[in-house]
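# can't give you the sequence, but here's the structure:
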């Protein structure tokens, strides 16, 4: 075993933390009570809200500055409390990830025709999701149930929705990542991991996946990317990676922004009309146009449903980060 | 250009520029003043990962070569000179292999 592997056999505090969460999810999976999942998410969200002071303060400050809506302090605190709950709710959704019943779980689908049209054309589709907005597992469960083969793109540090500082530790490689991969494969055909080294072979894999009834799920606002374009976003700016647009240009697969969130107790999945990524014009123009439109679209959802946006605490850091490294431990980079 | 065992560095550079402007729609004005030290990835031409793979596929077709996944790294696209060097080596290696197979 190499030196790194030998060193990594020790349980780091973060490994221990994730192992405890895996044990809890396994317990919830064995009980299979949706209400229990919700209760666990509520409890974890409340604990995190009270203990993650830095994250909470950054989220409240960014909410005040970026939303620019003159919200009262109490309302901002309510939104941030809900954001913590939504974060953990999305995480505990692993516990019932294999349960798919569109009508029973109260899911409204909008814009399915965009996806159907895309898949009929035979080039596959790129589902452009936000890595911090709403309930993405529900969306994928529903699409899988409709026969769509989903290929999920992950950053090298992704772990079930969180970021691991050391994804190469023995525990991460042997226990944690295989566990979450198994959970995810209940509704995703395969996971494509962006390499932590300087390899770019994953991009060839992605292009090869885009055909027939296959769809690649890629984050539109992920923190990984060798080339990014700054766009106006929530009274400031945000650097969006160009990879999704390039994938659409080179594969001819349409780029479909997709959002899944809860309104009045009902889950809504919205597949937007394809964003143009035409090959005929200059790439710089296409990047600015497609990413600008995506930024405006995402902003419109975040403004309407600020409590479903789990990245408030990252907004200011995000534009300044190293272009190929994730920005922090609390949100997945490119799920 | 299939079947040509000897390709000059100048020809390789021209093909790379053609793929950049035609297949990847890089603005031709960005290629003015480009030299062997111009970075292709991140800075300079500033290709993203998907575009570098598009460039690699274009080179495979143009020179009838195979670029293994293991070779697809940032180093290969570090700058124009590094990519030209890689393609020249690859064309030479594969034409040598083809000759070897032909003589058996």
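Done, it's in. Nothing here was measured: the structure is a model prediction, and the numbers come from that model.

# in the stretch 101-250 of chain A, where is pLDDT below threshold?
Scanning the stretch 101-250 of chain A with the threshold set as pLDDT under 70 gives A:101-105.

# residues from it in reach of chain B?
A:194, A:197-204, A:206-207, A:225-227, A:241-243, A:246-247, A:249-250 (CB under 8 Å from any CB of the partner chain). C-betas here are computed from N, CA, C, even on glycine.

# which of these fall within strands?
Judged by DSSP state E, those include residue A:241 as members of strands.

# derive a ChimeraX selection command for the buried subset of the residues of the stretch 101-250 of chain A next to chain B.
Typed into ChimeraX, the line below selects the buried ones among those, using 16 or more other CB atoms under 10 Å in any protein chain shown:
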select /A:194,199,200,201,202,203,204,206,207,225,226,227,241,242,243,246,247,249,250
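
# so where do the strands sit in the stretch 51-200 of chain A?
A:107-110, A:123-129, A:149-154, A:158-159, A:162-163, A:190-193 (DSSP state E, counting those that start in this stretch).

# do the same with chain B
Assigned by DSSP E, chain B shows no strands.

# and the end-to-end length of stretch B:35-53?
21 Å (CA to CA, to the nearest Å).

# for the strands of the stretch 51-200 of chain A, give me TSV that also has mean neighbour count and distance to residue A:295.
TSV is the format used below for those (neighbours: other CB atoms under 10 Å in any protein chain shown; distance: least, CB to CB, whole Å):
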stretch	mean neighbour count	distance to residue A:295
strand A:107-110	15	21
strand A:123-129	26	12
strand A:149-154	24	19
strand A:158-159	24	23
strand A:162-163	20	23
strand A:190-193	17	25
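
# any idea how far residue A:33 is from residue A:46?
The gap separating residue A:46 from residue A:33 is 19 Å, by CB to CB, to the nearest Å.

# now distance to residue A:64 too, for the strands of the stretch 51-200 of chain A, in a markdown table please.
Listed next are the strands of the stretch 51-200 of chain A as a markdown table, based on distance: least, CB to CB, whole Å:
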| stretch | distance to residue A:64 |
| --- | --- |
| strand A:107-110 | 31 |
| strand A:123-129 | 27 |
| strand A:149-154 | 32 |
| strand A:158-159 | 30 |
| strand A:162-163 | 26 |
| strand A:190-193 | 36 |
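
# what helix or strand is residue A:267 on?
Assigned by DSSP states H and E, residue A:267 belongs to strand A:266-271.

# quick one, helices of chain B?
B:9-18, B:49-63, B:80-103 (DSSP state H).

# apologies, that question was intended for chain A.
A:3-8, A:13-31, A:34-51, A:53-62, A:73-92, A:112-120, A:136-145, A:170-171, A:177-184, A:201-209, A:243-251, A:283-304, A:315-318.

# nearest to residue B:48 among these would be which one?
Closest of the helices of chain A to residue B:48 is helix A:243-251, at 5.0 Å (criterion: CB to CB).

# burial of the residue nearest to residue A:315 when sequence neighbours are not counted, as a residue count?
Leaving out its chain neighbours, the residue that sits closest to residue A:315 by CB to CB, 6 or more residues apart in numbering or on different chains is residue A:62, at 4.6 Å. When neighbours are defined as other CB atoms under 10 Å in any protein chain shown, residue A:62 has 22 of them.

# so what's residue A:62 up against?
By CB atoms under 8 Å, 6 or more residues apart in numbering or on different chains, the contact list for residue A:62 reads A:312-313, A:315-316.

# got a pLDDT number for it?
In this model, residue A:62 is scored at 92, pLDDT.

# what pLDDT does the closest residue to residue A:40 other than its chain neighbours get?
Excluding the flanking residues, the one nearest residue A:40 by CB to CB, 6+ apart is residue A:92, at 5.3 Å. Residue A:92 carries a pLDDT score of 88 in this model.

# nearest residue to the residue minimising distance to the centre of chain A in space, please, no chain neighbours.
Taking CA atoms, centre = their mean, the centroid of chain A lies closest to residue A:131, which sits 2.7 Å from it. Leaving aside its sequence neighbours, residue A:131 sits nearest to residue A:219 (CB to CB, 6+ apart; 4.1 Å).

# my read is that that neighbour contacts residue A:129, right?
Yes. With contact defined as CB atoms under 8 Å, residue A:219 counts as touching residue A:129 (6.1 Å).

# tell me how far the residue nearest to the centre of chain A lies from chain B.
As judged by CB to the nearest CB, to the nearest Å, residue A:131 and chain B stand 17 Å apart.

# and residue A:168, its phi and psi?
Dihedral angles of residue A:168 (phi, psi; degrees, to the nearest 10) stand at phi -100, psi 0.

# now do the same end-to-end measure for stretch B:55-73.
Stretch B:55-73: ends 13 Å apart by CA to CA.

# tell me which residues in that stretch are buried?
Buried, per 16+ other CB under 10 Å, within stretch B:55-73: B:55-59, B:62-63, B:65, B:67, B:72-73.
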